[in-house]
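*Asks:* Give me a 3D structure for the following:
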Amino acid sequence: MPSRSYRVGVDIGGTFTDLIVVEEGTGAFAVGKVLTTPDDPSQAIEAVLAEALERAGIAPAEIAQIVHGTTLVTNAMIERKGARTALLATEGFRDSVEIGRENRYDLYDLMLENPRPLVPRFLRFDVPERTLADGSILRALDEEYVERLARELAASGVEAVAIAFLHSFTNPAHEQAARTAVHRAAPGMRVSISSDVVPEIREFERTSTTIANVYVQARVERYLRELEARLGRMDVGGKLFLMLSSGGIATVDTAVRYPVRLLESGPAAGALAATAYGQAAGHPNVLSFDMGGTTAKICVIDAGRPLIAHEFEVDRMYRFKKGSGLPITIPVIEMIEIGTGGGSIARVDALGLLKVGPDSAGSVPGPVCYGRGGSEPTVTDADLVLGYLDPGYFLGGRMALDVDGARRAIEARIAGPLGISVEEAAWGIHQIANEQMANAA
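*Replies:* Reported below is the predicted structural model:
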């Protein structure tokens, strides 16, 4: 048995992947940081873990536990990079997920855009069946219809099916039978049923959450199994756990079955860290602030506990407008998230005004000063020009920053068009980023 035991925390951000290794009992720690590898995030985790362990002289077998926070699920939904998904709904109700609550989230916006469902209308299907509110069966499920439909969907390239019938939270029998019928006809099809994912009243939210769960399931499983394999090849001794949006942790198997619970995985970990440090410092009431490469997150911690919500929205058309996103019914640490981070791109808009974000340079190519091919000036480039960053000691001195490159980008894209100096343009970018974060708080 190893004489020492360690816990590892690792978080994948839009620009960097961060890691900390803490020794049980003593609290001694080592940290690591590398650029995120967006094509395969597990590659960055393997690299930063190997580097941190070697630098600290820790054997992989001495690791007792790894807790991982990730924004993979959120990004897959926002970027629409999930599986080709179909929806099976009670006959007459396939459009409920698009009709939503039948209200306008902004009465005065004549060009208002509604959130786009993850399943287009041509992949939403009515199924002959009906369960009443008390759980009794009004119309039996047509299992032969479900089987025929499943075969057609599989032949058409559909990879996943969400099943959300009326009143299944009272009696899940029809959803369970439909899932079995789909698996009989198309054994390789991924299926999520609402009575399993979120057995609660409110059809719109229940259906939306079930769709989101199966939409990202294959992507999450591929990633987590690859990460497990990499850790196995490194001979890491401990188990891998995933951070949940609620602040708890889950095994890989649970995370694969219910990936929708990981939506706010990374930000939740940051809020919990602020809570712990606040309590240790004797300050139970804290406003936590977490600025990454793409976004900034702010959370209110009251009496030593972060606020918890039981529903939130993802992929909002308007960032601060409730009702403009896809509703997800899961417990989540309540916070506000804005598109301002170190990699947020600055630009001059059509009206000649300076804007910052929400689009980000990420880690590929990253800010101009990283020297990785970026051409758009970012908040990091502005901070470097203003002297807030040390070009010779970025990333612990392992990554040199290109000050001249940052100045040239700001001159070409911001200062020149506005007729101001590079320093004034950099200060403008810095101030706008600060104001956006202060307004969110």
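*Asks:* now stretch 417-435, how far from the centre of its chain.
*Replies:* Stretch 417-435 has its C-alpha centroid displaced from the chain centroid by 30 Å (C-alpha atoms, centre = their mean, to the nearest Å).
*Asks:* Next: stretch 260-274.
*Replies:* With C-alpha atoms, centre = their mean, you get 9 Å for stretch 260-274.
*Asks:* swap in stretch 223-235?
*Replies:* What separates the centre of stretch 223-235 from the centre of its chain is 21 Å, taken as C-alpha atoms, centre = their mean.
*Asks:* please begin residue numbering at 212 from this point
*Replies:* In the new numbering, first residue 212, that becomes stretch 434-446.
*Asks:* buried sites along it?
*Replies:* 434-435, 437-438, 441-442 (16 or more other C-beta atoms under 10 Å). Quick note: C-beta positions are derived from backbone N, CA and C, even for glycine.
*Asks:* which one among those residues gets closest to residue 253?
*Replies:* Minimum separation from residue 253 among those (C-beta to C-beta) is found for residue 438, which lies at 4.1 Å.
*Asks:* Could you single out the nearest of the buried residues of stretch 434-446 to residue 647?
*Replies:* Taking the buried residues of stretch 434-446 together and measuring to residue 647 by C-beta to C-beta, the closest member is residue 434, at 30.8 Å.
*Asks:* if I look at the closest one, how far off is residue 249?
*Replies:* When distances are taken as C-beta to C-beta, to the nearest Å, residue 434 and residue 249 turn out to be 12 Å apart.
*Asks:* Check residue 538 too.
*Replies:* 27 Å.
*Asks:* Between these two, tell me which one has more neighbours.
*Replies:* Just comparing residue 538 and residue 249: by other C-beta atoms under 10 Å the higher neighbour count belongs to residue 538, 22 against 15.
*Asks:* phi, psi of the more buried one?
*Replies:* Backbone geometry at residue 538, expressed as degrees, to the nearest 10, gives phi -70, psi 140.
*Asks:* Which secondary structure elements does the helix or strand that contains residue 392 sit against?
*Replies:* Following DSSP states H and E, one finds residue 392 within helix 384-396. Contact partners of helix 384-396 among helices and strands, from 3 or more C-beta pairs under 8 Å, 6 or more residues apart in numbering; DSSP states H and E: helix 354-366, strand 371-375, strand 401-404, helix 405-408.
*Asks:* Give me the angle between the second one and helix 354-366.
*Replies:* Direction vectors for strand 371-375 and helix 354-366, defined by axes from the mean of the first three to the mean of the last three C-alpha atoms, to 10 degrees, enclose an angle of 150 degrees.
*Asks:* Am I right that residue 228 is in contact with residue 249?
*Replies:* No: between residue 228 and residue 249 there is no contact, the gap being 10.4 Å when judged by C-beta atoms under 8 Å.
*Asks:* okay, now the closest residue to residue 605 other than its chain neighbours: neighbour count?
*Replies:* Spatial nearest neighbour of residue 605, chain neighbours left out: residue 612 (5.1 Å); criterion: C-beta to C-beta, 6 or more residues apart in numbering. Burial of residue 612 is recorded as 21 neighbouring residues (other C-beta under 10 Å).
*Asks:* State the distance from residue 408 to residue 454.
*Replies:* The separation that residue 408 has from residue 454, given C-beta to C-beta, amounts to 19 Å.
*Asks:* which one of these two has more residues nearby?
*Replies:* Neighbours per residue, other C-beta under 10 Å: of residue 408 and residue 454, the larger number sits with residue 454, 27 against 24.
*Asks:* Relative to residue 503, how far out is the more buried one?
*Replies:* Between residue 454 and residue 503 the distance is 15 Å, computed by C-beta to C-beta.
*Asks:* what do you get for residue 516?
*Replies:* Relative to residue 503, residue 516 is positioned 23 Å away (criterion: C-beta to C-beta).
*Asks:* do residue 345 as well
*Replies:* Residue 345 sits 48 Å away from residue 503 when distances are taken as C-beta to C-beta.
*Asks:* before we move on, what about residue 422?
*Replies:* Taken as C-beta to C-beta, the span from residue 422 to residue 503 is 27 Å.
*Asks:* Could you check which of the two is surrounded by more residues?
*Replies:* More crowded of residue 422 and residue 503, by other C-beta under 10 Å: residue 422, with 31 against 23.
*Asks:* what's the offset of the strand or helix carrying that one from the middle of its chain?
*Replies:* Taking DSSP H and E as the definition, residue 422 sits inside helix 414-444. The chain centre lies 11 Å from the centre of helix 414-444; the measure is C-alpha atoms, centre = their mean.
*Asks:* For the protein, which segments are assigned as helices?
*Replies:* All helices of the chain, identified by DSSP state H, fall at 252-267, 283-289, 307-310, 354-366, 384-396, 405-408, 414-444, 463-468, 476-491, 590-596, 614-621, 627-629, 633-651.
*Asks:* and the angle from the longest one to strand 371-375?
*Replies:* This points to helix 414-444. The directions of helix 414-444 and strand 371-375 differ by 140 degrees, with the same axes, to 10 degrees as the criterion.
*Asks:* what's next to the worst-scoring helix or strand of the chain on mean pLDDT, contact-wise?
*Replies:* Among the helical and strand segments of the chain, the one scoring lowest on mean pLDDT, DSSP states H and E is strand 546-549, with a mean of 79. Contacting residues not belonging to strand 546-549 are listed as 475, 478, 482, 499, 506-511, 517, 530, 568-569, 647-648, 651 [C-beta atoms under 8 Å, 6 or more residues apart in numbering].
*Asks:* Return the set of buried residues in that strand.
*Replies:* Judged by neighbour count (16+ other C-beta under 10 Å), strand 546-549 contains these buried residues: 546, 548-549.
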